[in-house]
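**Student:** Next one to model:
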Amino acid sequence: MATKKKAESDGTLARNRQASHEYFILETFEAGVELTGTEVKSLRAGRTQLREGYVRVENGEAWLLSVHISPYAEGNRANQDPLRRRRLLLHRREIEYLDGKVRQQGLTLVPLRMYVKGNRIKLAIGLARGKKLWDKRQAMAERDSKREAERVAAARR
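**Tutor:** A predicted model of the protein is given here:
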C-alpha cells in the first residue's frame with residue numbers, strides 16, 4: 001500500500017511555493033473547485049501538484065488549468081484525466097474584475113494553495129505580476145541580509 005501524505009494542520013492540501021519566487025502577489029481570492037469524488041479522495045491523500053498551474057477566464061467562467069491531481073489509487077473507471085480543466089466557482093463580479101485586471105494590466109492568475117474549509121475544497125488564487133531577474137536577485141539579497149542580521153543578534157545574546 002502506498003504511503004499517504006497527511007494534510008497540514010491548517011487544512012492545506014497543496015501549496016505553490018514557487019509562486020512567491022516567480023511573482024509579486026497583489027491580491028488573493030478564494031474560489032471553490034468543481035471536482036469529482038475520486039479527485040477529492042486523491043487530494044485528501046496529498047496527491048496534487050500546483051506548481052505549473054494557472055487560471056484563465058473564458059466566456060465568463062474561470063478555469064483552473066495544468067494542475068495535476070493524480071488518479072485515486074483505489075479508483076476505477078471513475079478516475080478522471082489528471083490534467084483536465086476544472087471550473088472555479090467564483091461570483092460573477094469577481095470573475096469580471098479578474099478578467100479586466102488580466103486584460104488591461106497584463107497580470108496573471110496563479111493558484112497559491114488548495115485547502116479544506118468545512119467539508120469543501122477551496123483554492124486560493126493570486127492576482128500576480130511576474131518578477132524580473134533583478135527583482136529575484138534583490139529578494140535573495142534581502143533574505144540573506146535579514147538572515148545575517150539575525151545571526152549577529154543571536155551571537156550577541
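
**Student:** does the nearest residue to residue 27 once chain neighbours are set aside sit in a helix, a strand or a coil?
**Tutor:** Of all residues not flanking residue 27 in the chain, residue 127 sits nearest, at 4.4 Å (C-beta to C-beta, 6 or more residues apart in numbering). Placement of C-beta: from N, CA and C, glycine included. Following DSSP: H, G, I helix; E, B strand; the rest coil, the label given to residue 127 is strand.

**Student:** I'd say residue 127 and residue 19 touch.
**Tutor:** No. With contact defined as C-beta atoms under 8 Å, residue 127 does not count as touching residue 19 (11.4 Å).

**Student:** Mind listing the shared neighbours of the two?
**Tutor:** Contact criterion C-beta atoms under 8 Å, 6 or more residues apart in numbering; residues shared by residue 127 and residue 19: residue 25.

**Student:** hmm, who's touching the helix ranked longest in the chain?
**Tutor:** Counting by DSSP state H, the longest helix found in the chain is helix 133-156. Defining contact as C-beta under 8 Å, 6+ apart, one finds that helix 133-156 is touched by 21, 24, 131.

**Student:** Export those residues as TSV, with columns for secondary structure, neighbour count and distance to residue 141.
**Tutor:** TSV is the format used below for the contacts of helix 133-156 (DSSP: H, G, I helix; E, B strand; the rest coil; neighbours: other C-beta atoms under 10 Å; distance: C-beta to C-beta, whole Å):
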residue	secondary structure	neighbour count	distance to residue 141
21	helix	11	14
24	strand	14	16
131	coil	16	14
